[in-house]
Structure formats: structure tokens, C-alpha cells
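Asks: give me a 3D structure for the following:
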Amino acid sequence: MNRKRNSRHIERIETTAGAVDVLGDMHLPDHNRLGLICSQKCPGDVILKTDDFARLVRGSGITIVSGFHSPIEKDCLPILLRGADPIVIVQAHKLSTSRLAKEWQKAIAAKRLLLLSPFGDNESPLNSPPSATGSSRQSPTKY
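Replies: Model prediction:
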């Protein structure tokens, strides 16, 4: 990995999958990991089971990796942040240190939170090139 450091403590690293901005402890992915992916809409019993899951996995030593974008994922994040286990958040936008929640700042300082984003300073989800998986997302049309 090729690392570049800038003044905001956000690093741009080169990986085999492409460049990624990172903020936090780069060694968190070295732990056992479990991805948390939830649909935007779920039945009530799934929401309750997911909440129970977040409480159960907190304190297990497993690193939880998620975008924490869906409502259920967002509900799980504060539960997980109250624990001591590592968390990796893959953001769908450019990283910024100016608006980090205090809970996130504390977790980053405690070396248990890692933020990742494939979007650098001059990129956004709307103007980035399609992924290698053949994403159907199209760039905005100019008239």
C-alpha cells in the first residue's frame, strides 16, 4: 500500500482495488471481521433481531464493518460505539474531519474506529468512474 498523509489526518492509500481515503487505526481490519448489511425496509421482527444482534456482538472482539447507511444500521451504530470492539465505517461520500460526531472522535482517538471512503478530494459518488463490477450508475448528463 502506498500511503500519503495530509494535514487533516486523512490518509489516501493505494490498494489493489484502487485508492481509498482512511481516517483512524489502519490495523483494525487485521481483526476478525463481520459485515453488517441491512435493507432500507425490513419487517419489525427483523429490526428487533438486528438490535439484539448488535447488543450480542458488542463485546465479542469482532470488528463490525458497515456503511451504517440504512435505518437499521444507523440504529446499531450507537449500540456498537458503547462497546469496546473495533468498528469500520465505509462511507458513501468524501471523508471530512470537520463534522465528526463526538462519539466518533472518541472512538478514533481510542483506536477502535476506522473510516473509509473511495471518494477523494476531487471525487464524489456522482462523478466517479463506474466500478469494475459494471455498476449501472451513469454520470450526470450535460445539456
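Asks: where exactly do the strands run in the chain?
Replies: 2-5, 11-15, 18-24, 33-35, 63-66, 87-90, 113-117 (DSSP state E).
Asks: with mean pLDDT and mean neighbour count added, can I get these in CSV?
Replies: (Each C-beta comes from the backbone N, C-alpha and C, glycine too.) Shown next, in CSV, are these (pLDDT from 0 to 100; neighbours: other CB atoms under 10 Å):
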stretch, mean pLDDT, mean neighbour count
strand 2-5, 44, 10
strand 11-15, 87, 14
strand 18-24, 90, 19
strand 33-35, 89, 12
strand 63-66, 94, 21
strand 87-90, 94, 21
strand 113-117, 93, 21
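Asks: now those as a markdown table including distance to Ile47?
Replies: Conversion of the strands of the chain to a markdown table gives the following (distance: least, CB to CB, whole Å):
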| stretch | distance to Ile47 |
| --- | --- |
| strand 2-5 | 39 |
| strand 11-15 | 34 |
| strand 18-24 | 28 |
| strand 33-35 | 18 |
| strand 63-66 | 15 |
| strand 87-90 | 20 |
| strand 113-117 | 24 |
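Asks: which residues touch Asp85?
Replies: Neighbouring residues of Asp85 by CB atoms under 8 Å, 6 or more residues apart in numbering: 57-64, 112.
Asks: filter those residues to the buried ones?
Replies: For the contacts of Asp85, a burial check counting by 16 or more other CB atoms under 10 Å picks out 57-58, 63-64, 112.
Asks: out of those, the closest to His9 would be?
Replies: Relative to His9, the closest of the buried ones among the contacts of Asp85 is Arg112; by CB to CB it sits at 15.9 Å.
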